[in-house]
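A.B. asks: Return atomic coordinates for the entry below.
(chains A, B and C)
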Amino acid sequence: MPMDSNAVISEIKKGFILDSIKKGKRIDGRSLTDFREIKITENFIPKACGSAMVELGKTKVVAGIKIEEGTPFPDSPESGVMALNIELLPMAFPTFESGPPSEQAIEYSRVVDRGIRESNVIDTSKLVIEPGEKVWMVYIDIDVLNYDGNIIDACTLAAVSALKNAIVPASKYGGEDFKLPVNALPVSVTMAKIGDELVCDPDLEEEQVSNGRITVTMAEDNHIHAMQKGDVGEFSLDEIRKAIKTSSDIGSKIREKYLR
Amino acid sequence: MEGNIKLINDDGLRLDGRAFNEMRPIKIQTGVIEKADGSAFIEWGANKIIVAVYVREAYPKHTQNMDRAIVKARYNMAGFSVEERKRPGPDRRTMEISKVVSEALSSAIILEKLPRVEIDVFIEVLEADAGTRIASLTASSVAVADAGVPMRDLVVGCTAGKADGRVVLDLSKDEDNYGQADIPMAILPRTGKVVLLQIDGDVSEEEFDQATSMMMNAMKDISKIQRDALMSKYSIEDGE
Amino acid sequence: MKCLETKEIVYPGDKIELNDLKPRNGLYESNSEYFSEYFGVIQRGDKFVDIAPFNSPYLPRVNDKIIGKIMDIGPTMWTVDINSPYYSLLHINDTPWHVNAGDLERYLNVGDFIYAKISQSNEIRESWVSMKEPGMKKLETGQIIAVKPPKVPRVIGKGGNMINLIKNETNTKIIVGQNGFIWIDGDIENVNMAINAIKIVEKEAHTIGLTDRMAEYFKKLKGEN
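C.D. replies: Residues are numbered from 1 along each chain as shown, chains lettered A, B, ... in the order given. Below is the predicted model of the structure:
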């Protein structure tokens, strides 16, 4: 991997971020639980079955959904298929490379996928055309265009927003188009551990000084549907409980403001 | 398929209502990818394409050319950009486009000024609706200029083709699918020299001349859009 | 709202009339005519015509005083990011310290910033920096920001008048590297005020009467408080 200055945080910046957080403030003026500005543009890709561009601060992602007919998996003949894939495009950050997905891209994809799958956003049993023969395949592809930290939350927001406006193109196959039924609006909240504090929605520089990240994805039921401790670092059980509480508080606010 | 779909109606208008020599609307914006040295977003009809340029020492070191910069364009399509979901990763078509775009840009860039450097041009097609290679190249050239790379000229491109046997400008998706020819072309406007040209279909010499003269005309307008896009980032309004 | 008066803007490939001046930076020749290599503005001096690009990568020039970031450590040399497509090198003998081979981390680590001078460069743009001159040092506190390299002269201003204005008005210490990295130290609020001012200068560098407008800007800022 080529060296790049963006991937190395300077010592003086590191000190500055740590000192600020000790005083309960972040260098961009946010409180510890504040998210950056969120901007969601739904139907950004009119030709996709559903789509959304999400800007989370300077992090920018586009989710697009394609729904096609296909054959079900042999072990679940009475269920449609959902697949989610995140592409960390090389344009998004100097050390992202072209080629097969990196471990990082796969981890992010799987965390976002679990949050959506396990909160039953899509009821796959309703996506069967002919049991064992034909089902709807829902492909959620997410392009990361600019990386400035916290890809997981940006991608979860984008995927859910895109699913919300998705149409199943049944008329292409001789049926009638219908709105993809969406049963839940999960929100992921990712926190970075910086010093002794948990900070929500870390930007790139905060990620670079953090000792571990934790993501908690919850739906309206306030239950945990996905959780992931990532990056090198340690959390106490108390910190994890605090993370769950924060996700529940902040997540419901985000849901009300941006997904309703 | 041919003949089943009527691409030009009795009034001489095309399916989307355009005249035979009328372009789809084009919009370009620069400075859209914060981390990149230069970037551009182009909307050309329903095409949506984003381009980011990085200028850096070629890596690994043995790939460096001691006399000049290398230009590496990588054209990629998002999974949701086309009718049938596109599997991620390059295929023969995208690799060919990457190559012809890299070569066209190389003619415009003053490569000797930046020895050992690789100019990476990442092209992401978010929504495809015919003519993506030319839209990509037109946007790439703006993104390279935005990065401050020395250039002889701003490459500009256009397509023409044949629909219902008639030469038309800037093919739509239907015309691309059911027409008789597709002619993407790009030039260096100062000299008029051609740096990209492909033909796919059936074109007489006379039709070729018609197509090129139509494209040359249209490219003047597209050049203007490219320049305005570069300038818009620097237009400052007095915030009184 | 009115548009500010700007200088003459050109695009790559635009023909440049020399009017008896000599072509210098940012122009290429073809059939005895001259054309712009950049999207930028024409600058006509007493003798020369230059094209000042709105953006261009920093290219190392001997004697430039620059700010660099340590990127990698070898047995006897550090690799330095100089806000350029090209990395530069710092050899242990070109530091103010007595550094033993293999013991480089003790003095400068990855992520540290230095103020240094380009001591050598060659035709393939390899370069070396030195910290031996007076004033060259490791930057221990403060903030670093980057501006586009072609904007540096404007940030400094004629005889330093722009940067001195900003320093005085914000009560900060500032070092402007000729490569576009800028070091600012002082109270956090003052540093942020200086950063905002520099960003305005960077954005409006191609307009006329900027120093006066910045003086006005500070006056207003003070008036509001």
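
A.B. asks: where are the low-confidence patches of the chain?
C.D. replies: If you meant another chain, say so; for now it's chain A. Along chain A, segments meeting pLDDT under 70 span A:1-2.

A.B. asks: my bad, chain C
C.D. replies: For chain C, the stretches flagged by pLDDT under 70 are C:1-6, C:224-225.

A.B. asks: cool, chain B as well?
C.D. replies: Ranges of chain B meeting pLDDT under 70: B:1-4, B:236-240.

A.B. asks: Quick one: residues contacting the nearest residue in space to C:Gly186 that is not next to it in sequence.
C.D. replies: In space, and not counting its chain neighbours, C:Gly186 is closest to C:Thr172: 3.6 Å by CB to CB, 6 or more residues apart in numbering or on different chains. Any C-beta I mention is one placed from the backbone N, CA and C, and that applies to glycine too. By CB atoms under 8 Å, 6 or more residues apart in numbering or on different chains, the contact set of C:Thr172 is C:Ile166, C:Ile184, C:Asp185, C:Gly186, C:Asp187, C:Asn190, C:Val191, C:Ala194.

A.B. asks: Neighbours of the last one, how many?
C.D. replies: For C:Ala194, the tally of surrounding residues (other CB atoms under 10 Å in any protein chain shown) stands at 25.

A.B. asks: Now it: which helix or strand?
C.D. replies: helix C:188-203 (DSSP states H and E).

A.B. asks: That helix near chain B anywhere?
C.D. replies: Yes - judged by CB under 8 Å from any CB of the partner chain, helix C:188-203 comes into contact with chain B at C:Lys203.

A.B. asks: Kindly list the longest helix within chain B.
C.D. replies: In chain B, assigned by DSSP state H, the helix with the most residues is helix B:205-232.

A.B. asks: who in chain B is up against chain C?
C.D. replies: Close to chain C, as judged by CB under 8 Å from any CB, chain B has residues B:37-38, B:55-57, B:66, B:108, B:110, B:113-117, B:145-154, B:188-190, B:227, B:230-231, B:234-240.

A.B. asks: Can you give me the domain boundaries for chain C?
C.D. replies: Domain assignment for chain C by automatic domain parsing gives C:9-53, C:65-139, C:143-224.

A.B. asks: Using CSV, lay out the ones you listed together with distance to A:Val8.
C.D. replies: Listed next are the domains of chain C as CSV, based on distance: least, CB to CB, whole Å:
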stretch, distance to A:Val8
domain C:9-53, 27
domain C:65-139, 5
domain C:143-224, 12
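
A.B. asks: which residue sits closest to B:Ala211, ignoring its sequence neighbours?
C.D. replies: Counting by CB to CB, 6+ apart, B:Ala211 lies nearest to B:Ala160, which is 3.8 Å off, once chain neighbours are set aside.

A.B. asks: again but with B:Met215, I slipped
C.D. replies: B:Cys158 (4.3 Å).

A.B. asks: number of nearby residues for the one you found?
C.D. replies: Close neighbours of B:Cys158, defined as other CB under 10 Å, add up to 28.

A.B. asks: now swap in A:Cys200 and tell me
C.D. replies: Counted with other CB under 10 Å, the neighbours of A:Cys200 add up to 24.

A.B. asks: residues in contact with the nearest residue to it once chain neighbours are set aside?
C.D. replies: Counting by CB to CB, 6+ apart, A:Cys200 lies nearest to A:Thr33, which is 4.8 Å off, once chain neighbours are set aside. By CB under 8 Å, 6+ apart, the contact set of A:Thr33 is A:Val199, A:Cys200, A:Thr246, A:Asp249, A:Ile250.

A.B. asks: Please list the residues of chain C that sit near chain A.
C.D. replies: With CB under 8 Å from any CB as the criterion, chain C meets chain A at residues C:69, C:71-72, C:79, C:81, C:83, C:87, C:109-113, C:139-144.

A.B. asks: I'd guess A:Pro74 is in a strand, am I close?
C.D. replies: No - counting by DSSP: H, G, I helix; E, B strand; the rest coil, A:Pro74 falls outside a strand, being coil.

A.B. asks: circling back: among the contacts of C:Thr172, which one sits closest to A:Ser79?
C.D. replies: C:Val191 (57.3 Å; CB to CB).

A.B. asks: Looks like the closest one contacts C:Trp183 (just checking).
C.D. replies: No - C:Val191 lies out of contact with C:Trp183 (CB atoms under 8 Å); the separation is 10.2 Å.

A.B. asks: Which neighbours do these two have in common?
C.D. replies: Residues touching both C:Val191 and C:Trp183 (CB under 8 Å, 6+ apart) are C:Gly142, C:Gln143.

A.B. asks: Doesn't the residue nearest to B:Met215 belong to a strand?
C.D. replies: Yes - assessed with three-state DSSP, B:Cys158 lies in a strand.

A.B. asks: Quick check: it vs C:Gln178, distance?
C.D. replies: 42 Å (CB to CB, to the nearest Å).

A.B. asks: What number of residues are in the vicinity of A:Asn85?
C.D. replies: There are 18 residues near A:Asn85, going by other CB under 10 Å.

A.B. asks: rewinding a little: I figured the residue nearest to B:Met215 was touching B:Val168, is that so?
C.D. replies: No - judged on CB under 8 Å, B:Cys158 makes no contact with B:Val168 at a distance of 11.8 Å.

A.B. asks: thinking C:Lys148 is in contact with C:Phe54, fair?
C.D. replies: Yes - with contact defined as CB under 8 Å, C:Lys148 counts as touching C:Phe54 (7.4 Å).

A.B. asks: so what sits against both of the two?
C.D. replies: B:Gly148.

A.B. asks: And the residue of chain B that's closest to chain A?
C.D. replies: Taking CB to the nearest CB as the measure, the point where chain B comes nearest chain A is B:Phe80, at 2.6 Å.

A.B. asks: So for that residue, what's the nearest residue that isn't a sequence neighbour?
C.D. replies: Ranked by CB to CB, 6+ apart and with sequence neighbours excluded, the top spatial neighbour of B:Phe80 is A:Gly64, at 2.6 Å.

A.B. asks: give the contact list for that neighbour.
C.D. replies: Applying CB under 8 Å, 6+ apart, the residues near A:Gly64 are A:45, A:48, A:50-51, A:140-143, A:162, B:78-81, B:126.

A.B. asks: mind redoing it with 6 Å?
C.D. replies: A:Gly64 is in contact with A:Ile45, A:Ala48, A:Ser51, A:Asp141, B:Phe80, counting by CB atoms under 6 Å, 6 or more residues apart in numbering or on different chains.

A.B. asks: Quick one: which of those is the most crowded by neighbours?
C.D. replies: Going by other CB under 10 Å, A:Ala48 tops those with 29 neighbours.

A.B. asks: helix, strand or coil for the residue of chain B closest to chain A?
C.D. replies: Per three-state DSSP, B:Phe80 ends up coil.

A.B. asks: Assign A:Leu18 to helix, strand or coil.
C.D. replies: helix.

A.B. asks: Can you give me the separation between it and chain C?
C.D. replies: 13 Å (CB to the nearest CB, to the nearest Å).

A.B. asks: Which phi and psi values does the nearest residue to that residue once chain neighbours are set aside adopt?
C.D. replies: Spatial nearest neighbour of A:Leu18, chain neighbours left out: A:Gly195 (5.6 Å); criterion: CB to CB, 6+ apart. Torsion angles at A:Gly195 (phi, psi; degrees, to the nearest 10) stand at phi 60, psi -130.

A.B. asks: Which stretches in chain A count as helices?
C.D. replies: Counting by DSSP H, the helices of chain A are A:11-22, A:103-118, A:151-164, A:204-209, A:237-254.

A.B. asks: Need the winner for burial among those helices.
C.D. replies: Mean neighbours per residue, mean count of other CB atoms under 10 Å in any protein chain shown, is largest over the helices of chain A for helix A:151-164, with a mean of 27.

A.B. asks: elements contacting it?
C.D. replies: Helices and strands touching helix A:151-164, by 3 or more CB pairs under 6 Å, 6 or more residues apart in numbering or on different chains; DSSP states H and E, are strand A:50-56, strand A:59-70, helix A:103-118, strand A:134-146, strand A:187-194.
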